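In: Here is my input; please provide its structure:
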Amino acid sequence: MPFNKPDIVRHMMRAFLVACMFATIAFLPGLGNAHGIEGAHSEGYIADVIVIDLECEENQTCVSRPSNIVEYFGADWCEECPEVEAQLRNTSNESAIILSHRPSSSDDYWLQSSKDRFLEVYGLWGYPTLAIDGHYILAGPTQSRELNSLLSESESNYSGISNVSLEGQNISIEGDLVNLTIDIWTVKSSDKLINNVTSHTNYSQSNIVDTDGDKLVIVLSKPGYIALVSGSSMPANDYNPDGGIDEIGTEGDSISGSTIIIITILLMMISLPATYQLFKVIRQPTQTNYNNQNVSSKDSVALDTPISNDSEEE
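Out: Residues are numbered from 1 along each chain as shown. Modelled structure (predicted):
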């Protein structure tokens, strides 16, 4: 059954909208996979955390298991990050361990392992961000103010590692480690940043660790993506959602102007064939179907026979 012009226009418009939707999904995957979604599938989790004090003196406890682990992700260019870093330096929970990651390659100093944890393990996309116990997320300075109350209400009861020994730079770890991974982070504190991550060792690849720091933080976990849920009921209005991209500026816009231009051009390229066909159909004149049974012979002659000059003379 042939389509008339309105049907064709509707189908062309439908194809155009589908192309736009596909382009939006394809080029903005981060918006569809945002962190903190309740019920999100979580493949991995943190099983145990052990801290070794590299500056430990005699008659002191050099190895401990913290009550919680707080992983902070920030950047040098992040305008909201200094407020959160000040909160971390003044945290009242001394039994929790804080790891300060610098995953942005735009920083003068950054760590690839921190970037992998930021993007691949937690699927984060903004600064400043706090990940607590591989379970909760606090985004931005406003939500980060609730860290102390969140820690006071939760204790992870970590377990799995039974023994740790360090001789020089050689580390040995024992315990229930089957199908689990061990990440060893070397951290060093400064006046600006507490427990800044300076080095990373994957225990399955090497037992030689970097001891040029203040502490070693050993994280035992089941490998895979860890879905975080919000630990705050407050909106993250002061949260910069540009952290997952290398070429990032210091503006607080959720999507940069150059990104919008690129997406617009791609949408135009995808929709151009459908748009061309649409205008072609609209400009095409409507064809009239004639029923020969309802047309008289006189009308047929008038329609089909051209008028010659001779007939005018007669």
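In: ok now do the closest residue to Glu83 other than its chain neighbours, which residues does it touch?
Out: Distance criterion C-beta to C-beta, 6 or more residues apart in numbering; nearest residue to Glu83, sequence neighbours excluded, is Pro141 at 4.3 Å. Where C-beta positions appear, they are placed from N, C-alpha and C, glycine not excepted. Neighbouring residues of Pro141 by C-beta atoms under 8 Å, 6 or more residues apart in numbering: 80, 83-84, 87, 128, 238.
In: Among these, which ones are in helices?
Out: Using DSSP state H, 83-84, 87 are the members of the contacts of Pro141 that sit in helices.
In: looking at it, Ser221 is touching Ile161, isn't it?
Out: No - using C-beta atoms under 8 Å, Ser221 is not in contact with Ile161; the gap is 11.4 Å.
In: So between those two, which is more surrounded?
Out: Ile161 (22 against 19; other C-beta atoms under 10 Å).
In: which residues pair with that one across the strands?
Out: Gly175 (DSSP bridges).
In: for the chain, what helix or strand is lowest in average pLDDT?
Out: Here the helix or strand of the chain ranked lowest by mean pLDDT, DSSP states H and E is helix 29-32, holding a mean of 32.
In: Quick check: next helix or strand after it?
Out: strand 45-53 (DSSP states H and E).
In: residues near Asp210, how many?
Out: Neighbour tally, Asp210, other C-beta under 10 Å: 16.
In: one step back: what's the closest of the ones in helices among the contacts of Pro141 to Ser230?
Out: Set against Ser230, the nearest of these by C-beta to C-beta is Val84 (16.1 Å).
In: Okay, domains of this protein per the record?
Out: Following automatic domain parsing, one gets these domains for the chain: 5-26+260-283, 34-254.
In: Dump those to JSON lines, plus mean pLDDT.
Out: Below are these laid out as JSON lines (pLDDT from 0 to 100):
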{"stretch": "domain 5-26+260-283", "mean pLDDT": "59"}
{"stretch": "domain 34-254", "mean pLDDT": "88"}
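In: which of the ones you listed sits most buried?
Out: With neighbours taken as mean count of other C-beta atoms under 10 Å, these reach their highest mean count in domain 34-254, at a mean of 17.
In: that older thread, from the ones in helices among the contacts of Pro141, which is closest to Trp185?
Out: Closest to Trp185, out of all of those and judged by C-beta to C-beta, is Val84, at 19.1 Å.
In: Strands of the stretch 101-250 of the chain, residue ranges please.
Out: 129-132, 136-139, 161-167, 170-175, 181-188, 196-202, 215-222, 229-230 (DSSP state E, counting those that start in this stretch).
In: For Leu111, which of the ones you listed is the nearest?
Out: So among the strands of the stretch 101-250 of the chain, strand 196-202 is nearest, using C-beta to C-beta, at 5.8 Å.
In: Just want the angle from the closest one to strand 215-222.
Out: Per axes from the mean of the first three to the mean of the last three C-alpha atoms, to 10 degrees, the angle that strand 196-202 makes with strand 215-222 is 50 degrees.
In: Where do the helices of the stretch 151-300 of the chain begin and end?
Out: Counting by DSSP state H, counting those that start in this stretch, the stretch 151-300 of the chain has helices at residues 257-283, 297-304.
In: so what's Glu167 bridging to?
Out: Under the criterion DSSP bridges, Glu167 forms beta bridges with Asn170.
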